[in-house]
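S.K.: need a 3D model of the sequence below.
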Amino acid sequence: MGNTDDLDKEEILKFIKEADEKTEKFASILEKFGLDIITKMGQTNLKINVLTDKIDELSKATLDIKSLTPQLKNVIENQKILEEELDLIRSLIQGADISFHSREANSEKVERDTSATDKKQAIIDQFNTLEGYIVNNDDPQPVIESLENIKEDIFVFTGGHRILYEIGQFANKLNGFETLPNDIKKDLKEKITFWINKLSVKG
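M.R.: Next up, the predicted model:
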């Protein structure tokens, strides 16, 4: 019986030892798992804080941009006004150059050119021809060339006129089209009538 009791005690001690070892291993695994969770939570909090800061910075930048909107609108409007004035100056300079060369050529002629009335009528005829062209044609290139020629003739005739800028602007606008839309044709016909009326005021 004594030997049997000793064996039972050894078995129990062995079992307890193995149980302790397994418990220690489990505790170690659990501890490592807990540390990993804590570490990942810390990293997640850090990322959240960084994102929060970036969102705050973006909000501030958005407010700054919104506050600049009125100033930007003023800059854009002033730029448009400046561009219009520069275009007018270019038209006047171009016309002055054309006028100079025209007068230079005329000085070599013995006979005078046609009268001012004939020149004005010739320009009006060009306008009417252009209006007739756009009724049945869609190619913008001849229209652009015709407007440029009319603009040159008007400057030679008037020495400078406000409609020169408008004609140049309309010619530039047509450069963006491959064909003439109906609304553009309508606008151009109305403009031609307006330009003829303005030109007719010129004596």
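
S.K.: what about Lys198, neighbour count?
M.R.: 14 (other CB atoms under 10 Å). Glycine gets a C-beta too; all of them are placed from N, C-alpha and C.

S.K.: helices and strands around the helix or strand harbouring it, which ones?
M.R.: Assigned by DSSP states H and E, Lys198 belongs to helix 182-201. In this structure, helix 182-201 packs against helix 116-136, helix 140-158, helix 163-174, with contacts taken as 3 or more CB pairs under 8 Å, 6 or more residues apart in numbering; DSSP states H and E.

S.K.: for the helix or strand Thr69 falls within, give the mean pLDDT please.
M.R.: Using DSSP H and E, Thr69 maps to helix 2-106. Taken as a whole, helix 2-106 has a mean pLDDT of 70.

S.K.: that older thread, which of the helices and strands packed on helix 182-201 sits closest to Ile37?
M.R.: Smallest distance to Ile37 across these (CB to CB): 67.5 Å, for helix 163-174.

S.K.: pull out the buried positions in the closest one.
M.R.: By neighbour count on 16 or more other CB atoms under 10 Å, the buried set for helix 163-174 is Ile163, Leu164, Tyr165, Glu166, Ile167, Gly168, Gln169, Phe170, Ala171, Leu174.

S.K.: Ile12: which of those residues is nearest?
M.R.: Using CB to CB, those come closest to Ile12 at Leu174, 105.2 Å.

S.K.: quick check: that closest one touching Glu145?
M.R.: No: counting by CB atoms under 8 Å, Leu174 stays clear of Glu145, with 10.3 Å between them.

S.K.: tell me which residues of the helix holding Lys198 come out buried.
M.R.: So for helix 182-201, counting by 16+ other CB under 10 Å, buried means Ile184, Lys185, Leu188, Lys191, Ile192, Trp195, Ile196, Leu199.

S.K.: do the same with stretch 123-136
M.R.: Ile123, Ile124, Gln126, Phe127, Leu130, Glu131, Ile134.

S.K.: alpha carbons of that stretch, as PDB, please.
M.R.: Output in PDB follows, covering the C-alpha atoms of stretch 123-136 (Å, rounded to 0.1, in the frame of the first residue of the first chain):
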ATOM      1  CA  ILE A 123     -18.000  99.100 -95.700                       C
ATOM      2  CA  ILE A 124     -21.800  98.800 -95.300                       C
ATOM      3  CA  ASP A 125     -21.900  96.600 -98.400                       C
ATOM      4  CA  GLN A 126     -19.300  94.300 -96.800                       C
ATOM      5  CA  PHE A 127     -21.500  94.000 -93.700                       C
ATOM      6  CA  ASN A 128     -24.500  93.200 -95.900                       C
ATOM      7  CA  THR A 129     -22.500  90.600 -97.800                       C
ATOM      8  CA  LEU A 130     -21.300  89.000 -94.600                       C
ATOM      9  CA  GLU A 131     -24.900  88.900 -93.300                       C
ATOM     10  CA  GLY A 132     -26.000  87.200 -96.500                       C
ATOM     11  CA  TYR A 133     -23.100  84.600 -96.100                       C
ATOM     12  CA  ILE A 134     -24.000  83.500 -92.600                       C
ATOM     13  CA  VAL A 135     -27.600  82.800 -93.600                       C
ATOM     14  CA  ASN A 136     -26.600  79.700 -95.600                       C
END
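
S.K.: no further questions, thank you.
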